[in-house]
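Engineer: next come a sequence and a model predicted from it.
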Amino acid sequence: MKDEELIKKRIEYLNHPENFIQFEQYMTDQWLPSTEKEGCEKKEWTKKAYRNFNEKVKGSKIASHNTVRKWFGIGGKAVPKREHIFRLALWLHLPEEEIQDYLIRGMLEPGIQINDYQEMIYLYGSKKQLSWEQCQDMILVFEQTMEKDLVWKQDTHTEQLWKWYRQNETKEPEEFLVWMCSQAGLLKGYSKVAWNAFVFWKGQVLEYVRKDAGGCLYDMLRETDYFQWLAGQNIPEKDWENHISQYINNVSRRKEKQLTETEKKQILYLKWMIKDSKGRTTDLLSELYASAVQAEEPAEKRRLRYYDRKEFSLPKEIPLMTNKYVSQILGVAEMKGHYMRLSQMRAALQARDEEEACPQWIREEWNGYSRTPVPQTVKEAKKELKHMIQNQKKRCQYVKREDLLPMIHYVAQCRYLEEISESSDMYSVEEAKQIFVSMANEVMDQCQMERVNKRYYLDYFLMAGYGENELFSLSDMLESARK
């Protein structure tokens, strides 16, 4: 079978949900012991698991009945928010290992963010068998105790925080909060390890993009008299990248050896790509998802548009990153800082009379977080802060495995092609695949994320690009999935 036909078959396989692990299946396995599956038809397993879950969480207000039903694939499908998992953990007093399992293996999210003071308190609360309300009180005290001019340290402290948490997790709530407050500057609200990984792999992809652009530019200039012109100007050929604009201006004034406007634009665009693009997100996304990009944008544009997802025979579990999303990931330090500062403002108003004047320090900082008029009373500030915090929370995007895997996949394929090119070895599907899996698993382990598994949608899609005779990039796969 030809690789093209094989890829089509693999994409077709992707559109059968029963072939993949989804959250409802995870919940069924969690809440239906194997002994209860015996003598029961498979189609009844989900309903029995749902009933078991309901019995345990009755009265907990973890989520609405309709929402919980969808967690089990009944009447629709839905994946819980992290807050739901922590509510569940506090209600059932789940051990840390189970909380991590729900997040990492069930939701395919990063594990507990020990750098986030809320998640740290939820973890502590579950161990100490505290209620959701008690944890909210602890969070409130922490936010009220934070210094108003606190600056969060943007270094990697994850390993150290876990070590310190272990040393303090058995303390009583008051003592634990005292320790937390002493380390407030380290609780920046997101994993710098995962963020660093995202920035690193983004840079790796863009390095290959610039390298390819440089090769195309060199070949294109070889078809002109550019290198003869360099020799005439006594410019060494090794400096060829630095005099392209000068050449374009020179050739425009000559009557012979003219370049067309299209050629000039192509040359200048490629030159801009390798010298001046500064690692733009658009360049990253245009390379990863090239065949899904609706139209080629001019170099100065910062955003791109994808074709409608309906044009691809792919499940929604295969995501495409957007400019806005990547921007929020890269700016998470500022986004999370704003969220915590707004939460601090709300906490400071908690015990105040609503008709009281809004504290001066909040009025002074207000314009830095909102375009709404500066509130004059506590009531006005509370009302507006509620909406501001909700909106700001949506902007706080942390790095997920689905953000890292496409970039690692791209780099792994590029590296493998370089290896066999340099060694003149024949293509080996198993060797090529193993490079990707090894690289990805190493990163997943570092970032507290689930390892590569072909029974997850995205993982299967990326692995499907390893044909028997050649590699297919993520963009190639998207092209094959076009209807």
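Structural biologist: Right, received. Where do you want to start?
Engineer: which residues are in contact with the helix or strand of the chain with the lowest mean pLDDT?
Structural biologist: Among the helical and strand segments of the chain, the one scoring lowest on mean pLDDT, DSSP states H and E is helix 244-253, with a mean of 78. By C-beta atoms under 8 Å, 6 or more residues apart in numbering, the residues outside helix 244-253 that reach it are 217, 221, 224, 226, 229-230, 257-259, 264, 267-268, 271. (Glycine included, C-beta is placed from N, CA and C.)
Engineer: next step: the residues you listed restricted to helices.
Structural biologist: L217, L221, Y226, W229, L230, K264, I267, L268, K271 (DSSP state H).
Engineer: buried ones in stretch 52-62?
Structural biologist: Neighbour-count burial for stretch 52-62 flags N52, F53, V57, I62 (criterion: 16 or more other C-beta atoms under 10 Å).
Engineer: now do the contacts for V332.
Structural biologist: Y190, W195, C396, Q397, Y398.
Engineer: and with 10 Å instead?
Structural biologist: Contact analysis of V332 by C-beta atoms under 10 Å, 6 or more residues apart in numbering lists 188-192, 194-195, 198, 339, 395-399.
Engineer: one more: F72?
Structural biologist: Applying C-beta under 10 Å, 6+ apart, we find F72 in contact with 23-28, 31-32, 45-51, 53-54, 78.
Engineer: low-confidence bits of the stretch 251-400 of the chain, can you list those?
Structural biologist: Low-confidence segments of the stretch 251-400 of the chain (pLDDT under 70): 252-257, 276-278, 295-302.
Engineer: one more time with 80, if that's ok
Structural biologist: 251-260, 269, 272-279, 295-303 (pLDDT under 80).
Engineer: how far away is Y124 from K433?
Structural biologist: To K433, Y124 is 42 Å away according to C-beta to C-beta, to the nearest Å.
Engineer: looking at those two, which is more packed in?
Structural biologist: Y124 (21 against 18; other C-beta atoms under 10 Å).
Engineer: for the more buried one, grab phi and psi.
Structural biologist: Note on Y124: its backbone torsions stand at phi -60, psi -40 [degrees, to the nearest 10].
Engineer: touching, it and E169? I think so.
Structural biologist: Yes. Between Y124 and E169 a contact is recorded at 6.0 Å, counting by C-beta atoms under 10 Å.
Engineer: so what sits against both of these two?
Structural biologist: The overlap between the contact sets of Y124 and E169 (C-beta under 10 Å, 6+ apart) consists of F176.
Engineer: state the distance from the residue nearest to Q25 when sequence neighbours are not counted to K56.
Structural biologist: The shortest distance from Q25 to any non-neighbouring residue, by C-beta to C-beta, 6 or more residues apart in numbering, is to G73 (7.8 Å). Distance of G73 to K56, given as C-beta to C-beta: 19 Å.
Engineer: please apply the same query to G111.
Structural biologist: 23 Å.
Engineer: how about T377?
Structural biologist: For T377 relative to K56 (C-beta to C-beta), the value is 44 Å.
Engineer: same question for Y247.
Structural biologist: 73 Å.
Engineer: quick check, pLDDT for the closest residue to R401 other than its chain neighbours.
Structural biologist: If the residues on either side of it in the chain are set aside, R401 comes closest to M449, at 4.3 Å by C-beta to C-beta, 6+ apart. Reported pLDDT at M449 in the predicted model: 97.
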